[in-house]
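Engineer: Following is a predicted model, sequence given first.
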Amino acid sequence: MHSKSVLAALLAPAAVSAQLNDLAVRAGLKYFGTALREGAINSDAQYAAILGDKREFGQLVPENGQKWESTEPTRGQFTYTQGDITTNTAKKNGQGVRCHTLVWYSQLPSWVRDGSWTKATLTEVMETHINNVMGHYIGQCYAWDVVNEAVGDDGNWRPNVFLSTFGTDYIPLSFNLAKKADPNTKLYYNDYNLEYNGAKTDRTVELVKLVQAAGAPIDGVGFQGHLIVGSTPSRSNLATTLRRFTALGVEVAYTELDIRHSSLPASSSAQVTQANDFANVVGSCLDVAGCVGVTVWSFTDKYSWIPETFPGQGDALIYDKNFNKKAAWTSISSVLAAKATGVPPVSSTSTSTSTSTSTLTTITTTRVPSSTVTSTRTTSAAPSSTSSASGAEQTRWGQCGGRYWTGPTKCQSPWTCQVQHEWYSQCL
Ligand code: 9MR
């Protein structure tokens, strides 16, 4: 290489893509992550390629592989085949891991759930389980969801074998056992519907105080973020709710984010709403010191728990079933880039000068076409930063520019390359 170009390469800023984890880190978060579906990673190469790109997802969570029914289906017999899929994938790709979950009423084998226990015998069972599982993954988990979903939807303590044996004492007990098993990981309480700031949220505030009052360690609260398009709270209300917990001295994160359409197919305006809902959730995390990251509960509509649980609903994620980036992906990218660069999202088609949240609303609206999205795009959703522009034309919705972008800069007709922000131009 010519010495001048060597020098130029050395002096160039580290290549940063406009992908979500890179932007999230530049925006001050620790990661942007995704759940890993154990059944898909070895059978779906496109899924594996996007999930394994750490510029896009800096952190993985096993969707099911570390749960009690997977790790200790029979008393005293531990198996890590499923859980290791995630840690091995993360290791291979240089990604971090959130670990999920230890003490939960669901996906709990019947030998625990239906056993007849005293405090002493159930303590022994919990201690053995926590020691083994945390011991196996020691040093690999940024955080562990120690207790999951201990509060019912009505705000009362959720009935389960742990509550009936110990009362709420099982909660600080679980955190104490976890601390002994791995003193260096972050210990989280994790639940859904905390975002609405209602009775369930109040009880969860009480839970954190109860653990702290018992002298047990708790480092974080996970907001699962299983939300509904059009019913997602505003960015400022979400931030207010997150702050109820950071005020108690714990960190917070969105741990299982998805925003489902309640009927399908989603109209184009519902897709705009979904994009704005995602931007508001991610934006609220950016607005709160102590919100460390966002994890989506799978990234593609091809693999999601929702249709099984809520028939007729879904398309709740940021890539569609064919691995095309959705408007929701773009809106998240915009809100992260705005924070990363200190520049509110701007659009060549927007003249708004209002605050970043409402500007984003305007911009996102301009990004989504009036017809139903029927993208036929087949390009990789994670374009390589080393690919050449060499005359190739990007398809509708694809990236066509932005700082450090080295992929195609022209769009297929009739789409034109529109600047969304410094980091991202898109064929629209
Ligand atoms: O996504 C998980 C799905 O594959 C399982 O069938 C389901 C069983 O309960 O659990 C799903 O993940 C849940 C997570 O572990 C805890 N919060 C709610 C998630 C969605 O149900």
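Structural biologist: The structure has been received and is ready for your questions. From a predicted model like this one, the values you see are computed outputs, not experimental measurements. Residues are numbered from 1 along each chain as shown.
Engineer: ok, for the residue of the stretch 251-400 of the chain found nearest the ligand, nearest residue in space, not its chain neighbours?
Structural biologist: Per Cβ to the nearest ligand atom, residue 305 is where the stretch 251-400 of the chain lies closest to the ligand, at 3.5 Å. Any C-beta I mention is one placed from the backbone N, CA and C, and that applies to glycine too. Counting by Cβ to Cβ, 6 or more residues apart in numbering, residue 297 is the residue found nearest to residue 305 once chain neighbours are left out, at 7.2 Å.
Engineer: The residue of the stretch 101-250 of the chain found nearest the ligand and residue 154, how far apart?
Structural biologist: Per Cβ to the nearest ligand atom, residue 106 is where the stretch 101-250 of the chain lies closest to the ligand, at 4.8 Å. Using Cβ to Cβ, to the nearest Å, one gets 17 Å for the distance from residue 106 to residue 154.
Engineer: These two - which one has more neighbours?
Structural biologist: Neighbours were tallied for residue 106 and for residue 154 using other Cβ atoms under 10 Å; the higher tally belongs to residue 106 (13 against 10).
Engineer: List the residues that contact the residue lying closest to that one once chain neighbours are set aside.
Structural biologist: Excluding its sequence neighbours, the residue lying closest to residue 106 (Cβ to Cβ, 6+ apart) is residue 149, at 7.1 Å. When the contact criterion is Cβ atoms under 8 Å, 6 or more residues apart in numbering, the partners of residue 149 are 104-106, 158, 190-192.
Engineer: And the longest helix along the chain, what does it pack against?
Structural biologist: As assigned by DSSP state H, the longest helix anywhere in the chain is helix 268-287. In this structure, helix 268-287 makes packing contacts with helix 235-246, strand 251-260, strand 291-296, helix 327-341, helix 356-367, judged by 3 or more Cβ pairs under 8 Å, 6 or more residues apart in numbering; DSSP states H and E.
Engineer: Could I get the ones you listed in TSV, plus columns for mean pLDDT?
Structural biologist: Formatted as TSV, those follow (pLDDT from 0 to 100):
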stretch	mean pLDDT
helix 235-246	98
strand 251-260	98
strand 291-296	98
helix 327-341	93
helix 356-367	28
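Engineer: out of those, which comes closest to residue 68?
Structural biologist: Residue 68 sits nearest to strand 251-260 of all the helices and strands packed on helix 268-287, at 17.6 Å, using Cβ to Cβ.
Engineer: Tally up the residues packed near residue 120, please.
Structural biologist: For residue 120, using other Cβ under 10 Å, the count is 8.
Engineer: Likewise for residue 164?
Structural biologist: Residue 164 has 11 nearby residues by other Cβ under 10 Å.
Engineer: what about it, which helix or strand?
Structural biologist: Per DSSP states H and E, residue 164 falls inside helix 161-166.
Engineer: now swap in residue 204 and tell me
Structural biologist: Applying DSSP H and E, one finds residue 204 within helix 199-213.
Engineer: Packing partners of that helix?
Structural biologist: Packing partners of helix 199-213 (3+ Cβ pairs under 8 Å, 6+ apart): helix 170-181, strand 186-191, helix 235-246.
Engineer: Out of these, which is the most enclosed?
Structural biologist: Neighbour counts (mean count of other Cβ atoms under 10 Å) averaged over each of these peak at strand 186-191, with a mean of 25.
Engineer: Just the CA atoms of that one, as CSV, please.
Structural biologist: The C-alpha coordinates for strand 186-191 follow below in CSV (Å, rounded to 0.1, in the frame of the first residue of the first chain):
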residue,chain,number,x,y,z
LYS,A,186,-25.5,-7.7,37.8
LEU,A,187,-28.5,-9.1,39.6
TYR,A,188,-31.9,-8.1,38.0
TYR,A,189,-35.6,-8.3,38.7
ASN,A,190,-37.4,-8.6,35.4
ASP,A,191,-41.1,-8.2,34.5
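Engineer: Near the ligand, which residues of this protein? Just list them.
Structural biologist: 63-64, 106-107, 192, 224, 256, 305 (Cβ under 6 Å from any ligand atom).
Engineer: Separate out the buried members of those.
Structural biologist: 63-64, 192, 224, 256, 305 (16 or more other Cβ atoms under 10 Å).
Engineer: So for residue 349, what's the pLDDT?
Structural biologist: Model confidence at residue 349, given as pLDDT, is 32.
Engineer: what's the answer for the one 5 residues further on, then?
Structural biologist: As predicted, residue 354 sits at a pLDDT of 28.
Engineer: And for residue 416?
Structural biologist: pLDDT, residue 416: 86.
Engineer: next one: phi and psi at it?
Structural biologist: phi -120, psi 150 (degrees, to the nearest 10).
Engineer: who touches residue 290 in this structure?
Structural biologist: Per Cβ under 8 Å, 6+ apart, neighbours of residue 290: 242, 246, 250-252.
Engineer: no, scratch that, I was asking about residue 78
Structural biologist: So residue 78 contacts 71-72, 132-133, 136 (Cβ under 8 Å, 6+ apart).
Engineer: what about residue 66, how many neighbours?
Structural biologist: Neighbours around residue 66, by other Cβ under 10 Å: 29.
Engineer: nope, residue 255 is what I meant
Structural biologist: The burial count for residue 255: 29, using other Cβ under 10 Å.
Engineer: quick one: it and residue 221 touch, right?
Structural biologist: No. Counting by Cβ atoms under 8 Å, residue 255 sits too far from residue 221 to count as a contact (9.2 Å).
Engineer: ok so, going back, buried residues, the helix holding residue 204. List them.
Structural biologist: Quick answer for helix 199-213 (16+ other Cβ under 10 Å): 200-201, 203-205, 207-208, 210-212.
Engineer: ok, now stretch 18-26?
Structural biologist: When neighbours are counted by 16+ other Cβ under 10 Å, the buried residues of stretch 18-26 are found to be 18-25.
Engineer: Same question for stretch 250-269.
Structural biologist: For stretch 250-269, burial by neighbour count (16+ other Cβ under 10 Å) applies to 250-261, 266.
Engineer: Off-centre distance for it?
Structural biologist: Taking the mean of its C-alpha atoms, stretch 250-269 sits 10 Å from the chain's own mean (Cα atoms, centre = their mean, to the nearest Å).
Engineer: cool, and stretch 228-239?
Structural biologist: Here stretch 228-239 shows a centroid-to-chain-centroid distance of 16 Å under the convention Cα atoms, centre = their mean.
Engineer: Please name the residues that touch residue 66.
Structural biologist: 82-83, 86, 99-101, 133, 137.
Engineer: What sits closest to it if chain neighbours are left out?
Structural biologist: residue 83 (4.2 Å).
Engineer: Thought residue 72 was touching that neighbour, still the case?
Structural biologist: No. Taking Cβ under 8 Å as the definition, residue 83 is not a contact partner of residue 72, at 11.0 Å.
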